[in-house]
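Trainee: starting from these lines, generate the structure:
(2 chains)
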Protein chains: 2
Amino acid sequence: MNTNILLVGTGAVGSYYGARLAQAGARVSALCRSDFAVVKKKGIAVKSVCGDYHFKPAEVVRAISEYRSDPDFIIVATKVLPEIHIPDMIREKVLPQTSVVLLQNGIGIEEPVASAFPENELISAIAFISVSRPEYGLIDHKDYGSIRIGGYPSGSSSKIELLAGMFRKAGVPCEIENDIISARWRKLMWNAPFNPISVLTGGTDTREMIESGPTLMVARAVMEEVRTLAEKTGHPIPPSSIDTVINDTRSMAPTRTSMLQDYDQKRPMEVEAILGSAVRIAQRHAVSVPHIESLYGLLTLIDKKNRYLSG
Amino acid sequence: MNTNILLVGTGAVGSYYGARLAQAGARVSALCRSDFAVVKKKGIAVKSVCGDYHFKPAEVVRAISEYRSDPDFIIVATKVLPEIHIPDMIREKVLPQTSVVLLQNGIGIEEPVASAFPENELISAIAFISVSRPEYGLIDHKDYGSIRIGGYPSGSSSKIELLAGMFRKAGVPCEIENDIISARWRKLMWNAPFNPISVLTGGTDTREMIESGPTLMVARAVMEEVRTLAEKTGHPIPPSSIDTVINDTRSMAPTRTSMLQDYDQKRPMEVEAILGSAVRIAQRHAVSVPHIESLYGLLTLIDKKNRYLSG
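Mentor: So this is what the prediction gives:
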């Protein structure tokens, strides 16, 4: 029998990986919100550097109660925002056999879901991809596309291997991480400085940030604080990785970060998942993170103002 | 004989105080730049809550070489920007009897002028005023208006008393500060957090900054760092003054900071005078100022981008 997957959230990232799993033969359904009507009618067109694909979800629903199947996997691919309460969104279909997959950004995002469903397998997934949703029902995949998955808080399982196998079958490079939280911290080394700074400096791309000495100094200090936090929580990252991240960023084509795209389009930014969680983890471990705290204090207000303008 | 004063820079602050000195009977001339033609032709209209006044400078010049008198005071009221080299601008008329007055924002701004003219009296002046220049030749004075003056690095003199006397004669509340640098640090307690934060948060007023908890935390941390720097350099400020500044700001009518007005109008911002100097003073005294450093790193880039857009 086909693997039953319910995809919650059909933004760019969720749609892309959901489409790939459908391509691999899974029965993938979609829980949509604002894009429901479009996806219900036309499905999702994936324009991709790896080949185009038309993703027609098995079911398209507006709420979990409309979903008629029993999911082997619920893949949560919404943004991580305080107003989105994930356990409430999915509770009705978290069955004994359901593995919950969090395909989202940020740090510390697993805890609320893990404590809501202590009997269920929780899988954490990190996407490395450049993809956008120019309009409802249309995904534009421009670059990269790998994914890392692992059990929370660590380890692997037969279902993680099943999921990895489906991704690979569809051509998605997928690595199973025994310590997925370390991988989250490593991704945060990039996200925590460059996403917020790109917004706070009036809309700058990666090249502009890297080339301004005093700005790069802030980015570096933020990375150092992330590294300290990771180490304090048992996920050491080698000091050399800061230079590696900076050099990689320097050699990238100039890019507008995803948070900047959110800002430009007056969408809520993942302030809490990217920075707020780090500040709270720092408080719990009595670690001083003044640079992260500064970005957090500024980004909170610009996000609030931006949401206000959007409403 | 009348006191001869050359006012260098006829922005809002310079024009206002220059006009008051003319009103008190001094012979005030003006060195103008972009507004030369207008000021030459029509002088400067001062619209003020304290009574309107028309300021007709004795001489209006484009360069110091055109100025025909011997100044008792040169009052420098330009912005403090790396591209404005004050000693070069005024050197030709810094005569033995000339006192140089710096009516400008920031910290550490006296040093370059003091070392360029070691034989001359240097007076430092701080304005507390809400005034703008809606157009060339027109000054709009909305609120406050006091000034503090003192000798650099400290002390007073008969010429400082003369200047204070003229201000008072024109109705300007003027205090002579024996330790004017302390007064600069106290003003920086407000300027260092609120000016940059208002710009970095996408254009927020004082009320919005004060009401956002995580943002106020950053402002408070910046104030704490300013206080530490002031103390390290021999100008202690009582810890309670942080709460005083915050409470005063909370009770103000919501205000857009002067730096935000500069940003909105794509004018250069005083990043170096307000933050860069503080960072360098911190380095010299081996004081850690991570919050100031964060604002500095961000503001440098947004200023650069803003200048680029303006050109």
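Trainee: what number of residues lie near the closest residue to A:Leu122 other than its chain neighbours?
Mentor: The shortest distance from A:Leu122 to any non-neighbouring residue, by C-beta to C-beta, 6 or more residues apart in numbering or on different chains, is to A:Tyr152 (4.2 Å). Any C-beta I mention is one placed from the backbone N, CA and C, and that applies to glycine too. By other C-beta atoms under 10 Å in any protein chain shown, 19 other residues sit near A:Tyr152.
Trainee: same check on A:Glu66?
Mentor: With other C-beta under 10 Å as criterion, A:Glu66 counts 11.
Trainee: and A:Leu21, what does it touch?
Mentor: By C-beta atoms under 8 Å, 6 or more residues apart in numbering or on different chains, A:Leu21 lies in contact with A:Ile5, A:Val28, A:Ile75, A:Leu163, A:Met166, A:Phe167, A:Ala170.
Trainee: most widely separated two among these?
Mentor: For the contacts of A:Leu21, the farthest-apart pair by C-beta to C-beta is A:Ile75 and A:Ala170; their separation is 13.9 Å.
Trainee: more crowded one of these two?
Mentor: Per other C-beta under 10 Å, whichever of A:Ile75 and A:Ala170 has more neighbours is A:Ile75, with 26 against 19.
Trainee: bridging residues for that one?
Mentor: Here A:Ile75 sits in beta bridges with A:Leu7, A:Val101, as judged by DSSP bridges.
Trainee: thought it was touching A:Thr98?
Mentor: No: applying C-beta atoms under 8 Å, one finds A:Ile75 not in contact with A:Thr98, separated by 10.8 Å.
Trainee: what about the residue of the stretch 101-250 of chain A with the smallest separation from chain B, how many residues close to it?
Mentor: Using C-beta to the nearest C-beta, the closest approach of the stretch 101-250 of chain A to chain B is made by A:Val218 at 3.4 Å. Close neighbours of A:Val218, defined as other C-beta under 10 Å, add up to 28.
Trainee: contacting residues for it?
Mentor: Residues near A:Val218 by C-beta under 8 Å, 6+ apart: A:Pro193, A:Ile197, A:His291, A:Leu295, B:Glu293, B:Ser294, B:Gly297, B:Leu298.
Trainee: buried ones in the one helix or strand it maps to?
Mentor: For A:Val218, the element it lies in under DSSP states H and E is helix A:213-232. Across helix A:213-232, burial judged by 16 or more other C-beta atoms under 10 Å in any protein chain shown covers A:214-230.
Trainee: the helix or strand following that helix vs helix A:213-232, what angle?
Mentor: Note on helix A:213-232: by DSSP H and E, the next helix or strand toward the C-terminus is helix A:240-251. Going by axes from the mean of the first three to the mean of the last three C-alpha atoms, to 10 degrees, helix A:240-251 is angled at 140 degrees with respect to helix A:213-232.
Trainee: name the residues that touch stretch A:273-291?
Mentor: Under the criterion C-beta under 8 Å, 6+ apart, residues A:79-81, A:104-109, A:188, A:191-192, A:195-196, A:218, A:221-222, A:225-226, A:228-229, A:232-233, A:259, A:292-293, A:295-296, A:299-300, B:221, B:290-291, B:293-294 lie in contact with stretch A:273-291.
Trainee: what about A:Ile44, neighbour count?
Mentor: If we define neighbours as other C-beta under 10 Å, then A:Ile44 has 28 of them.
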